[in-house]
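Novice: Predicted model follows, preceded by the sequence.
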Amino acid sequence: MSVRVVARIRPLLGKELDKDIIVRAESSQEDGHMNIVRIPNPKNESEEFSFMFNSVYDMKTTQEELFTSEVAPTLKSLFQGLDVTIFAYGVTGTGKTHTMRGGLKMSDRGVIPRLLSGIYRRGRKVTKDSGGETSVTVTLSYYEIYNDKVFDLFEPPEKRSLAGLPIREKDGKTIVVGLSEHACDDLKDFERLYIEANNNRSTAGTKLNAQSSRSHAILMVKITQTNGDQSLTSTASAIDLAGSEDNRRTDNGKERMVESASINKSLFVLSQCIDAIGRGDKRIPYRESKMTRILSLGQNNGITIMILNLAPQRSYHLDTLSSLNVSSRAKRIEVREIENEVVFTQPPRKAPSITGKTIQRQPLRPLANAHNTHVNAAVQKGTEKPGTEKPLKAFSVYTDKSKTGPRPSNPAPRRADSTGKRPSDPSGIARPTKVARSNMTGVRTGAEMSAAKIEELIERKVSEALANRALDQPATAAPVEISEAVQRRLEALERKIESGEAEEARTEGLRFLLMAKQHKERGEDTSALKMYELALPFFPGQEKLLRKIDNLRAKIQAKRDQAANRTSAPVEVECRKPIASEEVIQLPTPASSFEAAHEEPQVKPRKHRASADSDDEYNGSIAAHEEYEDDDSFSYKSSKPKRSKSKAAKSSLQIFADRDRGEEMLEPPSPRTRYLLDIVNSRDVALIRGLSGVGAKKARDLVEFLELQDEDEGGAIKTLQQLRAVPGLGVRTVEKAYEGIASILAA
Ligand SMILES: Nc1ncnc2c1ncn2[C@@H]1O[C@H](COP(=O)(O)OP(=O)(O)OP(=O)(O)O)[C@@H](O)[C@H]1O
């Protein structure tokens, strides 16, 4: 089944005028069901683009209508064991939070409170229909991804660690380690928890939205149905994404700009993931942002609904086209409709105390062991322990026979086939099963911790310790006496996390440099300066970077002086990328939308830039990058550039020297060279990784390097000599890749 994509056009607000409406909902069906969004071609208003979706909701649509048509029908599946993901996507100020959360008035309530209400209602029905034998418990987790860091929204902001919570892949799902889980017995409980948590969400006023969400918010509602010693768990995730925004229109200051860059970047990665899935690429760039890792579009099982929020008026024209374009591609994504499996639970084990020297370390089993044991497989093989036998379909209370048909008696092969997840234990011996939760009244207590929970706690403590270290503050938590084994584990984890953080920080720094370059190319010098300044802490003392900052400051000041001397104000020049009029697919993605911002007119043609401005703005990143690469003890805060490294960086500059290009023109490359360079210049990490001798990291770095080149300075690698000179790649790697091409061409 594909992702269901529906569009919702919000009504006009405040001073917005009817005459500015350019987005319309229409029907292509006889029954009048609206499924088309029409919008004029911005280059030729007599032409219109049409985008087809599963459903389109116009300006008059109420909260109740949207919920009843789109979300209510998924409740049955949710209780059958399917996970459900609903996410709102769109430009800032188009109504995502209104759609997901809504207002406080009953009629204004959005998808989330209505979903919870539906879950409790259905839960009561399930219990009633089973004659009281089945109990239903609901637990909530709620977190936000802010500046690519994950924070528990049930924790007050002052308790957050700087690094945020780590995320891991477990059992084919992405989980947030150390996230709190709260039992939530009824709608009243939910309202209290949800309102409190929303106060912790990062929001701020921007010019486009007085209450703009500066983070992606993810609410996870876990429903556990327990019947005897079996239980079935499924999760409904409701996600309110932050909106993409064009900083030309937001008037964002420094802090907002950083948020905005992070929001735009993650949405850009999302659009890249959608593209890559659509193209059938082997590699989908999920891992390039936490949001896409968590959303795992196309990888998650169950039902996925994407709600595209649109503003109807002209001022959003290009942004609207951009998000229409991304969403219309998303509907081609296939999602596997696989139910979670029934878990066979054992009576709760008495957990030892974890305080003091009395701690008995439990084996650190993989979390995967904690659930989804293939009960039926064990039963069939006759390996179950006495007293644990169960009929194959002991948990059939919620099966909707009319629709889905009976579940297979042994679901294990189906799961293994379609998800590629780890199959059940081939030995036939049932793995340790989930320990039933004895405390359903709130967050778990320390005394009842499982091994997995201890592991989570350790990782969390490490993150906190690292955050404190980053702040140069002593750890605030009271020292806990722990066993030697736990201490060792703690240290190992600390090392692991620390190196991961150094890597993340380096990437963060490079990202700022890249964004600075993009801003500069568009003539947005002030924004470029901000980005360079933000990059500086990651590459302290980098001479080139400092020079660049100084030059930009001088340039901005000169412009200001010039403007002050002029009698008339400078004219704003619209310089967006052209949009293909006939081909809807070619419309800009969110990236081009936010890249399109044009702060100031380009004063002089790029070829005639001042020398200080025309050089290697990527050098700072490359030099720092190399430093990181070559020195194991490198701390990204280190400010000592190595001599040899700056030489290497210089050599990277020469690869685009005119002489080199001249040579290239004299001597056309061989087919093998051309083939190799084509792959390199594709900037497709997956393709580049396929070259022999080029690993994932080198491929990523190479693409990063290419991305940082000025197009008018070459942009592409044109000779093997240039390729060899790319920092971090090395002669040997290029030779290997070149040799590898021979075998590909021969094949
Ligand atoms: N369908 C609607 N009916 C009435 N008002 C709406 C509707 N959709 C949005 N609004 C109003 O529009 C404004 C912006 O909406 P909202 O904050 O939900 O946008 P958003 O897409 O979440 O923005 P951001 O990405 O900046 O958080 C709010 O005042 C909201 O109440």
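Specialist: Structure received.

Novice: and this structure, which of its residues are near the ligand?
Specialist: Within reach of the ligand by Cβ under 6 Å from any ligand atom, the chain has these residues: 10-11, 13, 90, 92-98, 209, 211-213, 242-243, 309. For glycine as for every other residue, the C-beta is placed from the backbone atoms N, C-alpha and C.

Novice: And those, which of them are buried?
Specialist: Using 16 or more other Cβ atoms under 10 Å as the burial test, the residues of the chain next to the ligand include 10, 90, 92-98, 209, 212-213, 242-243, 309 as buried.

Novice: Determine which two of the residues you listed are furthest apart.
Specialist: The widest separation within these, taken as Cβ to Cβ, falls between 10 and 242 and amounts to 16.6 Å.

Novice: Now do residue 118: how many residues are near it, please.
Specialist: By the other Cβ atoms under 10 Å criterion, the neighbourhood of residue 118 contains 18 residues.

Novice: Report the contact partners of it.
Specialist: By Cβ atoms under 8 Å, 6 or more residues apart in numbering, the contact list for residue 118 reads 71-72, 75.

Novice: Can I get these in JSON lines including neighbour count, secondary structure and pLDDT?
Specialist: Formatted as JSON lines, the contacts of residue 118 follow (neighbours: other Cβ atoms under 10 Å; DSSP: H, G, I helix; E, B strand; the rest coil; pLDDT from 0 to 100):
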{"residue": "71", "neighbour count": "22", "secondary structure": "helix", "pLDDT": "96"}
{"residue": "72", "neighbour count": "16", "secondary structure": "coil", "pLDDT": "96"}
{"residue": "75", "neighbour count": "18", "secondary structure": "helix", "pLDDT": "96"}
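
Novice: wait, which of those residues is closest to residue 163?
Specialist: residue 71 (34.4 Å).

Novice: got a list of what that closest one touches?
Specialist: Applying Cβ under 8 Å, 6+ apart, the residues contacting residue 71 are 86, 111, 114-115, 118, 305.

Novice: same deal with residue 279?
Specialist: Counted by Cβ under 8 Å, 6+ apart, residue 279 has zero contacts.

Novice: where does it land on pLDDT?
Specialist: pLDDT for residue 279: 81.

Novice: Same question for residue 293.
Specialist: Reported pLDDT for residue 293: 89.

Novice: and if you look at residue 504?
Specialist: 57.

Novice: ditto for residue 111
Specialist: In this model, residue 111 is scored at 97, pLDDT.

Novice: Any chance of the backbone angles for it?
Specialist: phi -60, psi -40 (degrees, to the nearest 10).

Novice: Over to residue 564?
Specialist: Here residue 564 shows phi and psi, under degrees, to the nearest 10, equal to phi -60, psi -30.

Novice: picking up where we left off before, pick out whichever of the buried ones among the residues of the chain next to the ligand sits closest to residue 725.
Specialist: The nearest one, if we look at these relative to residue 725 and count by Cβ to Cβ, is residue 242, at 39.7 Å.

Novice: so where does that closest one fall, helix or strand?
Specialist: Taking DSSP states H and E as the criterion, no element holds residue 242; it sits outside all helices and strands.

Novice: so how many other residues sit close to the nearest residue to it once chain neighbours are set aside?
Specialist: Among residues not flanking residue 242 along the chain, residue 263 sits closest, at 4.3 Å (Cβ to Cβ, 6 or more residues apart in numbering). The criterion is other Cβ under 10 Å. On that basis, residue 263 has 30 neighbouring residues.

Novice: measure residue 263 to residue 193 for me?
Specialist: Using Cβ to Cβ, to the nearest Å, one gets 25 Å for the distance from residue 263 to residue 193.

Novice: try residue 562
Specialist: Computed as Cβ to Cβ, the residue 562 to residue 193 distance reads 56 Å.

Novice: Likewise for residue 537?
Specialist: The span separating residue 537 from residue 193 equals 36 Å under the rule Cβ to Cβ.

Novice: which is the next helix or strand following the strand or helix carrying residue 514?
Specialist: Element membership of residue 514, judged by DSSP H and E, is helix 484-521. Using DSSP H and E, the helix or strand that directly follows helix 484-521 along the chain is helix 525-535.

Novice: just checking, what packs against that next one?
Specialist: Under the contact definition 3 or more Cβ pairs under 8 Å, 6 or more residues apart in numbering; DSSP states H and E, helix 525-535 sits against helix 254-279, helix 484-521, helix 543-565.

Novice: Could you tell me the least trusted of the ones you listed?
Specialist: Among these, helix 484-521 has the lowest mean pLDDT, at a mean of 62.

Novice: Find the nearest non-adjacent residue to residue 18, please.
Specialist: Here the nearest residue to residue 18 in space, its sequence neighbours aside, is residue 12; by Cβ to Cβ, 6+ apart that works out to 7.0 Å.

Novice: What residues does that neighbour make contact with?
Specialist: With the criterion set at Cβ under 8 Å, 6+ apart, residue 12 makes contact with 18, 21, 59, 312-313.

Novice: and which of the residues you listed is nearest to the ligand?
Specialist: Using Cβ to the nearest ligand atom, residue 59 is the member of the contacts of residue 12 that sits closest to the ligand, with 7.5 Å.

Novice: Using the three-state scheme, assign that closest one.
Specialist: Taking DSSP: H, G, I helix; E, B strand; the rest coil as the rule, one finds residue 59 in the coil state.

Novice: Please work out how many residues are found near it.
Specialist: Around residue 59 there are 15 residues (other Cβ under 10 Å).

Novice: what about the nearest residue to residue 166 once chain neighbours are set aside, distance to residue 143?
Specialist: Closest residue to residue 166 in three dimensions, ignoring its sequence neighbours and counting by Cβ to Cβ, 6+ apart: residue 177, at 4.8 Å. The spacing between residue 177 and residue 143, counted by Cβ to Cβ, is 11 Å.

Novice: Next: residue 188.
Specialist: The spacing between residue 188 and residue 143, counted by Cβ to Cβ, is 22 Å.

Novice: what does residue 221 give?
Specialist: In this structure, residue 221 lies at 13 Å from residue 143, with Cβ to Cβ as the measure.

Novice: Please say which of those two ends up with more neighbours.
Specialist: Summary of the neighbour comparison: residue 221 and residue 143, criterion other Cβ under 10 Å, with residue 143 having more neighbours (27 against 22).

Novice: Assign the closest residue to residue 237 other than its chain neighbours to helix, strand or coil.
Specialist: Leaving aside its sequence neighbours, residue 237 sits nearest to residue 85 (Cβ to Cβ, 6+ apart; 4.6 Å). Secondary structure assignment for residue 85 (three-state DSSP): strand.

Novice: who's in contact with residue 85?
Specialist: Each residue near residue 85 by Cβ under 8 Å, 6+ apart is listed here: 236-237, 239, 295, 300, 302-305.

Novice: that older thread, among the contacts of residue 71, which one sits closest to residue 317?
Specialist: Closest to residue 317, out of all of those and judged by Cβ to Cβ, is residue 305, at 26.0 Å.

Novice: what's the helix or strand containing that closest one packed up against?
Specialist: Assigned by DSSP H and E, residue 305 belongs to strand 303-310. Applying 3+ Cβ pairs under 8 Å, 6+ apart, one finds that strand 303-310 makes contact with strand 4-9, helix 74-79, strand 84-90, helix 96-100, helix 317-330.
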